[in-house]
Every structure is written in C-alpha cells, then in structure tokens.
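Trainee: just coords:
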C-alpha cells in the first residue's frame, strides 16, 4: 500500500541551527509530495510541494527535493528560528480523482533561543 | 486565517450525547474533507465530499455521520461516541479541477473533542 514514514520527534534545536527532517514514502505509482506545517492551536498549512522526480519545493527558507531513487522527500532549512517551532507533516497524493492525502505521523520541532 | 472556519473549537461530551461539528469554507472550493488527528498517529481521512457528493467513507464507524448541504458547509454529526474518539477533528477544502492535478488543501483550526 501507499504510506509515508517520518523521523520521530521531537527535534530540538538552537536558533540558527541546520534542520533536516527525514521523510520516505512507499507508493505504487508516482505521487506528488507535500510538506505541511501545523503551528500550535492552528490547522495545517501547505509549506511546499513537488509533483515529479527531481523537483525541488521551497518556501520560507525551507527546501525539499523529490528523490525517486531513494523514495525520499527530506525537509531542510539552513538556519531555523524560534518561530519555526511547529509540527511538520510529510504527505503524498496521486493525480486522478479527488485529492486524497496520505500523511506521515508528523515531527515536532522545538527551536530554542 | 486560511478561509476555513470550524465551530466549536473545543467540545466535551458524554458517551450518550449527540452533538455536531460545523465547518465552513469561504474559498469557493468544491471539495471538503474531515480528518481525525489523534496523538502520535498520522492524520486519518474520514470523509470526502466532492461537488457535495460523498466520494469517500474511510471505514468510519456509523456513530460519525457527515452532512454536506452545499459546497460551503460540512457537518459531522456525533452520537454515542467512545472515549477513544477523543481527538482533534480537522476540516479541509480544496478546488478540484477534475483533471486529477492535486491542489493544496486548506485546513481549519480543528475542533478538540473530548469524550467522557
């Protein structure tokens, strides 16, 4: 079946540290990949996406590259801020029909000053 | 503010109660979704409505009953729930083109449900 696996959190970093959150997927076809972010007390917001192999999604200093050979979509940021503290979800969906997202379990990031 | 609102934000109910969760989207989208978010588990898709027609029921127990009277409103009617149903219930919407290109889903802030 189709699934998404994320590294377990929490991830605790100091401000300005480098961030990597690992995400790998299992899929029967060629999905589109997403990172969503959930700030405390809010719903999920789309952070970035990539729809085909070797695409790089980027937004707010975050980046992720769609790697078909390793079935991965790792999230990176060069210098995190306290305001980046949130839960990050990796997700996939397939073209065709409605948009049925399959999510990973989420990774909590805590950034300290 | 994403354009998707949910009420109430918090709800405590007994196992014999009947309550409803409401979701409204102000984005002109044609698809709406209910998700369940439990601690340490992936988000679970519960129901999908596309053009007001239910297109997905992800093996959800019948004590959860969705209703979509129009493309802007979505309800989740709850009755005789169990304590394990305590979770954050998220509503989302998207504009589906029919060509299959996956578009962004916009989420509401959720309703935190506690079943006692």
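Mentor: Nice, thanks for sending it over. This is a predicted model, so every value here is computed, not measured.
Trainee: Pull out the buried residues from the helix-or-strand element of chain B with minimal mean pLDDT.
Mentor: Between all helices and strands in chain B, the lowest mean by mean pLDDT, DSSP states H and E belongs to strand B:53-57, at a mean of 71. By neighbour count on 16 or more other C-beta atoms under 10 Å in any protein chain shown, the buried set for strand B:53-57 is residue B:56. Every C-beta, even on glycine, is put in place using the N, C-alpha and C of the backbone.
Trainee: so where's chain B uncertain?
Mentor: Counting by pLDDT under 70, chain B contains low-confidence ranges at B:1-2, B:52, B:98-102.
Trainee: Nearest the middle, which residue of it would you pick?
Mentor: residue B:34 (2.5 Å; C-alpha atoms, centre = their mean).
Trainee: show me what contacts that residue?
Mentor: B:23, B:45, B:46, B:47, B:66, B:74, B:76, B:89, B:90, B:91 (C-beta atoms under 8 Å, 6 or more residues apart in numbering or on different chains).
Trainee: Now with 10 Å, please.
Mentor: Residue B:34 sits next to B:21, B:23, B:44-49, B:56, B:58, B:60, B:64, B:66, B:68, B:74-76, B:89-92 when contact means C-beta atoms under 10 Å, 6 or more residues apart in numbering or on different chains.
Trainee: about what we covered before: tell me which other helices or strands the least confident helix or strand of chain B touches.
Mentor: Applying 3 or more C-beta pairs under 10 Å, 6 or more residues apart in numbering or on different chains; DSSP states H and E, one finds that strand B:53-57 contacts strand B:31-37, strand B:44-50, strand B:64-70.
Trainee: Is there proximity between the last one and chain A?
Mentor: No: for strand B:64-70 and chain A, the contact criterion (C-beta under 10 Å from any C-beta of the partner chain) is not met; the two come no nearer than 13.3 Å.
Trainee: The very next helix or strand once past that strand pairs with which strands?
Mentor: Next helix or strand after strand B:64-70 toward the C-terminus (DSSP states H and E): strand B:73-79. Strand pairing for strand B:73-79, using DSSP bridges, gives strand B:18-25 (antiparallel), strand B:64-70 (antiparallel).
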